[in-house]
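**Student:** Provided below for reference: sequence and predicted model.
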Amino acid sequence: MSNGTLASFLFGEERPSWNQRSNIALDIAKAISYLHEGCRTQIIHCDIKPQNILLDDCYSAHISDFGLAKLLAMNQSFTNIGIRGTKGYVAPEWFRNTPVTVKVDVYSYGVLLLEIISCRKSVKKDNESVLVLYFLYRFKHNYMYYTLLP
């Protein structure tokens, strides 16, 4: 797509406007909703992350890379499959050996929202997942207002 990935957009030198980021977040939410509720066969993407979100000419967001996706049969609401996804975006269900539902994509979307809000990466260069813990700490200590300032 003409404007690249959400990753390059969010983590570039200039901080995107709130308006752009909120529109992108809404586009992604609608796309995930379509995969989970709008298709005849439910689709669990399993790898929602900024590198898999492409931006078109108008900065509308489109989900890409369905290589790890899982299709659920009409009578199926969950699946038992091995861990799929990218560190920093993988839902806790994957590690609990419990059935996996569309909620794993919702968790990944939540992490993605934190990245969209803060323009900070979920995972550091040393592969340490930190953004969720950062926001949790800030929330517990009543620092959210300062966290969201540009």
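**Tutor:** Happy to help now that I have it. Residues are numbered from 1 along each chain as shown.
**Student:** which stretches of this structure have low pLDDT?
**Tutor:** Residue ranges of the chain with pLDDT under 70: 127-129, 146, 148-150.
**Student:** what are the phi and psi values at Thr79?
**Tutor:** In terms of degrees, to the nearest 10, the main-chain angles of Thr79 are phi -150, psi 160.
**Student:** burial measure for Ser111, as a count.
**Tutor:** Small correction: residue 111 is Val, not Ser. Burial of Val111 is recorded as 23 neighbouring residues (other C-beta atoms under 10 Å). Any C-beta I mention is one placed from the backbone N, CA and C, and that applies to glycine too.
**Student:** all helices for the protein, in order.
**Tutor:** In the chain, the helices defined using DSSP state H lie at 6-10, 18-33, 103-118, 131-140, 144-147.
**Student:** so for Glu93, which of the ones you listed sits nearest?
**Tutor:** helix 103-118 (5.8 Å; C-beta to C-beta).
**Student:** run the chain-centre distance for the closest one.
**Tutor:** Distance of helix 103-118 from the chain centroid (C-alpha atoms, centre = their mean, to the nearest Å) equals 4 Å.
**Student:** with stretch 9-28 instead?
**Tutor:** Distance of stretch 9-28 from the chain centroid (C-alpha atoms, centre = their mean) equals 13 Å.
**Student:** start and end of it, how far apart?
**Tutor:** Start-to-end span of stretch 9-28 (C-alpha to C-alpha, to the nearest Å) is 15 Å.
**Student:** the residue nearest to Thr41 when sequence neighbours are not counted - how many residues pack around it?
**Tutor:** Leaving aside its sequence neighbours, Thr41 sits nearest to Leu71 (C-beta to C-beta, 6 or more residues apart in numbering; 5.1 Å). Other residues within reach of Leu71, judged by other C-beta under 10 Å, total 12.
**Student:** for the most far-flung residue of the chain relative to its centre, grab phi and psi.
**Tutor:** Checked against the mean C-alpha position of the chain, the extreme residue using C-alpha atoms, centre = their mean is Asn75, at a distance of 26.4 Å. Asn75 has phi and psi values of phi -100, psi 10 when expressed as degrees, to the nearest 10.
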